[in-house]
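Enquirer: coordinates only, sequence not included:
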C-alpha cells in the first residue's frame with residue numbers, strides 16, 4: 001500500500017514498548033518519501049489525525065475513526081484487541097501484532113527450565129550455602145516430555161517451534177482446525193472438546209488464549225482434576241480462562257506440581273493473593289513479551305504488511 005502521511009503515537013508506560021529516536025530514524029530510511037509525524041500526547045494526536053493515511057498506535061477508540069477521513073490502515077503492536085478497536089464502518093483496516101512469539105517463547109522456556117532443572121531449589125541452596133547435589137535425581141529433560149499448548153495461534157506456533165527443537169512432543173489445541181494448520185512443529189492437533197482426555201498425558205500445559213467472553217472460565221475444575229499428576233501449568237495469554245481458586249486447589253492438593261504465571265484475572269496481582277505465597281508458583285508481572293527488541297520487531301512486521309496490502 002502506498003501512503004504519503006504517517007502518524008505515530010507509540011508512547012507506553014513500559015519503556016521497551018515506546019518509540020525511540022533510533023526507531024524513527026529507521027522508519028525514515030525505510031519510507032524516505034513519506035511525511036512522518038510523531039504525536040506528543042493525546043490532544044496532539046487527535047489534532048493531527050485528520051491528515052493521517054496510516055497510523056501506528058497503542059490506543060484507538062471506535063469514535064476516533066470519524067475524525068480520520070483519510071485513514072486507510074491502522075497498525076498496533078498489541079496482539080489483543082483490548083486497546084485498539086476495529087473500525088465499526090469497516091472502512092479502515094486494523095492490523096494487530098503477531099511478532100510476540102519470538103520473545104514470549106523464551107519466557108515460557110525459562111519457566112519450564114526453572115521447574116525441570118529445580119532452579120528455585122538451587123537459589124535457595126545457594127542462599128543457605130547448601131550443597132544439595134543428591135536432590136536433583138528427579139530432574140527431567142524436555143526431550144522426554146509432552147507439552148499441550150491451549151490456544152494454538154501465531155504465539156503457539158512460535159512456542160512449538162522452539163520446544164520441538166528441544167525434543168519435546170507438542171500437541172496444539174484450537175476451537176477448530178482449519179486445513180493446513182497442523183505443521184511440522186506439532187505432533188498432533190486437537191479441538192477443545194478433546195482437551196480433557198489429552199490432559200492426562202501432558203507434562204506441561206501452556207495457555208496462550210485471548211481474553212473475552214469466549215474464553216472466560218473455559219478451563220474448569222474438572223479440567224484441573226483431569227491433569228496428569230506432577231504436571232506444570234503456564235499462563236502467558238490472559239488471566240480469565242480459569243478461576244484462581246481452582247488453580248490454588250490444584251496446586252495445594254494436586255495434581256499440579258507447579259505453575260508459571262505471567263497474567264492474572266486482576267492486575268496488578270493483589271498483595272493479599274494466596275498465589276504469592278505458594279512455593280511451587282513462579283510469578284512474573286505480565287512481562288513475558290517485554291524486551292528491548294519489541295519495537296524493532298513491530299516495525300519489521302509493519303513494513304512487511306504495509307508492502308503486501
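Expert: Ah, there it is. The shown structure was predicted, so the numbers you read here are calculated from the model rather than taken from an experiment. Numbering: from 1, shown residues only.
Enquirer: so where do the helices sit in the stretch 151-300 of the chain?
Expert: Remark: helices assigned in the stretch 151-300 of the chain by DSSP state H, counting those that start in this stretch are 154-165, 195-198, 221-226, 244-253, 294-308.
Enquirer: to residue 260, which of these lies closest?
Expert: Closest to residue 260 of these is helix 244-253 (C-beta to C-beta; 11.7 Å). C-beta: built from backbone N, CA, C; applies to glycine.
Enquirer: now do that closest one, average pLDDT.
Expert: Across helix 244-253, the average pLDDT comes to 98.
Enquirer: what comes up buried for that helix?
Expert: Of all the residues in helix 244-253, those buried under the rule 16 or more other C-beta atoms under 10 Å are 244, 246, 247, 248, 250, 251.
Enquirer: burial measure for residue 222, as a count.
Expert: Using other C-beta atoms under 10 Å, the number of residues around residue 222 comes to 10.
Enquirer: same question but for residue 33, I mixed them up
Expert: 7.
Enquirer: in contact with the closest residue to it other than its chain neighbours, which residues?
Expert: Excluding its sequence neighbours, the residue lying closest to residue 33 (C-beta to C-beta, 6 or more residues apart in numbering) is residue 4, at 7.8 Å. Each residue near residue 4 by C-beta atoms under 8 Å, 6 or more residues apart in numbering is listed here: 33, 34, 35, 53.
Enquirer: just the buried ones from those residues?
Expert: Buried among the contacts of residue 4 by 16+ other C-beta under 10 Å: residue 53.
Enquirer: list just the nearest of the contacts of residue 4 to residue 152.
Expert: Nearest member of the contacts of residue 4 to residue 152, counting by C-beta to C-beta, is residue 53, at 34.9 Å.
Enquirer: and the closest one, what pLDDT?
Expert: As predicted, residue 53 sits at a pLDDT of 98.
Enquirer: got the phi/psi numbers for the residue lying closest to residue 100 once chain neighbours are set aside?
Expert: Once flanking residues are discounted, residue 100 sits nearest to residue 289: 4.8 Å by C-beta to C-beta, 6+ apart. When read as degrees, to the nearest 10, the backbone of residue 289 gives phi -110, psi 0.
Enquirer: contacting residues around residue 289?
Expert: Counting by C-beta under 8 Å, 6+ apart, residue 289 makes contact with 100, 103, 104, 107.
Enquirer: quick one, strands of the chain?
Expert: 5-9, 35-38, 54-57, 73-76, 93-96, 146-150, 169-174, 188-191, 204-207, 231-235, 256-261, 281-283 (DSSP state E).
Enquirer: go through the ones you listed and name the closest to residue 160.
Expert: The nearest among the strands of the chain, by C-beta to C-beta, is strand 169-174 at 4.6 Å.
Enquirer: helices along the stretch 1-150 of the chain, start to end?
Expert: 21-30, 42-48, 101-116, 119-128.
Enquirer: hey, which of those helices is tucked in deepest?
Expert: Sort the helices of the stretch 1-150 of the chain by mean neighbour count, taking mean count of other C-beta atoms under 10 Å, and helix 101-116 sits at the top with a mean of 19.
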